[in-house]
Structures are given as C-alpha cells and as structure tokens.
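>>> sharing a model that was predicted from the sequence below.
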Amino acid sequence: MFYVRLRTMTKNRIVTVFDRYPEQTALLKKLGDLFGKAGRIQLAQVKVSEIDRIQIDRGLDFIGDIDVRIKQSEATIRAMTKANTNVKLLKTIPGIGEFFARLIDAEIDDISRFRNPKKLAAYAGLVPSTYSSGGKTFLHWRPFMARSSSRATSGCAGPLLKPSPLPSPAIRSFEPSMNT
C-alpha cells in the first residue's frame, strides 16, 4: 500500500506542475488516463519550461520504478500465500478476493487465539464500543476502527457484514458457539 500511495503522490505532483500552464492543462484534461500510454506520449509533447520538463520526466521515471516495485511485491506475496489453506478458505466467501483474503489472513494470523467469535468480531472492529458514566451505558459505533484493529483490515470488513446467501461448507464448519 505504501508504493501505491507514493505513486499517487508523484502523479499529483506532476499534475501540480501542469497547473502552472492553464492552456496546456485544458488539452491534457481531454485525455482519459494522463499516465497511460497515450497520456505519456502527450505529456512528452507538452511545452513547459526546462526545469518543469526535468521534474515531469523524473516523476514519470519514478512512477515506472514504483510500478516495478508494486509488481515485485505482489509476486512475493502471491508466492508466499499460494499454498496457504486459510487464504483458500477465505476466498470462498462471496466478496472476498485474493487481496482481502491475504490481508485478513495476515491480520488475524492464528484464529485459535480468539476464545470465541465475539472476540474476533471485536478485534476486527465489527462491534460497537461501550462505556458507562453516571450509571448510564453508552454505545459508540466506530465502524471498522476498533483500537486493536489495524487500518489495513478496516476497509475489508464491509463484505463480512452482509450474510452470505450461499455460505461455503468449509466456512459453515467453523461455527463455534456464541455463548462461550
């Protein structure tokens, strides 16, 4: 995720350079993807000052380097989780693909460390927090952001909130009692 953010920051910086040239920016906005193949050809032809051209070219080269790093990271993660049975099991849940299955597996690690499903749900940030003051109990709903939950898994909890219309038999086999 770091590389993706870095790539976005670099793209935004290049766009900021073009904001100094409103007449050029109007032409570039007609392109669908400024950083795709056609967009890069157009970027190379735009007339800007020498220092801005250097900045744009270095930014585009840096984006290329970041893209290589992203592909390397994805390949490494894919190789490390290829034989992981937990990832395969998680992918059977509707709405959970390759990325989120790996993310959930990395965040949860060993599911046996949770005494019951309620503890797991609290860890994932799927339950409201409570606090009491003056004899009154208050619920505070912080969706997907429990203290113990990482920011990485906060975005993948959405599909888990909806019950699966056709749960997989493998998922159904893990149904510990909610009363423990």
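Good, I have the coordinates.

>>> all contacts plus neighbour counts: C-alpha atoms, from now on.
OK.

>>> report the residue ranges of every domain in this protein.
Using automatic domain parsing, the domain ranges for the chain come out as 2-81, 85-172.

>>> now do the longest helix seen in the chain, average pLDDT.
Using DSSP state H to define each element, the chain has its longest helix at helix 50-81. For helix 50-81, mean pLDDT rounds to 91.

>>> name the helices or strands packed onto it?
Helices and strands touching helix 50-81, by 3 or more Cα pairs under 8 Å, 6 or more residues apart in numbering; DSSP states H and E, are helix 2-18.

>>> secondary structure element for residue 118?
Residue 118 belongs to helix 117-124 when assigned by DSSP states H and E.

>>> any low-confidence regions in the chain?
Residue ranges of the chain with pLDDT under 70: 140-180.

>>> which non-adjacent residue is nearest residue 69?
In space, and not counting its chain neighbours, residue 69 is closest to residue 3: 7.4 Å by Cα to Cα, 6 or more residues apart in numbering.

>>> please name the residues that touch that neighbour.
Applying Cα atoms under 8 Å, 6 or more residues apart in numbering to residue 3 gives the contacts 66, 69, 70.

>>> which of those count as buried?
66, 70 (16 or more other Cα atoms under 10 Å).

>>> please give me every residue in contact with residue 22.
Listed by Cα under 8 Å, 6+ apart, the contact set of residue 22 is empty.

>>> what about it, distance to residue 132?
Taking Cα to Cα, to the nearest Å as the measure, residue 22 falls 57 Å from residue 132.

>>> equivalent analysis for residue 40, please.
Residue 40 is 58 Å from residue 132, where distance means Cα to Cα.

>>> ok, those two, which is more surrounded?
residue 40 (14 against 9; other Cα atoms under 10 Å).

>>> can I assume that one is in contact with residue 34?
Yes - Residue 40 is within contact range of residue 34, at 6.5 Å (criterion: Cα atoms under 8 Å).

>>> what about residue 87, how many neighbours?
There are 22 residues near residue 87, going by other Cα under 10 Å.

>>> swap in residue 114?
For residue 114, the count of nearby residues is 13 (other Cα under 10 Å).

>>> contacts only, for it.
Residue 114 neighbours (Cα under 8 Å, 6+ apart): residue 120.
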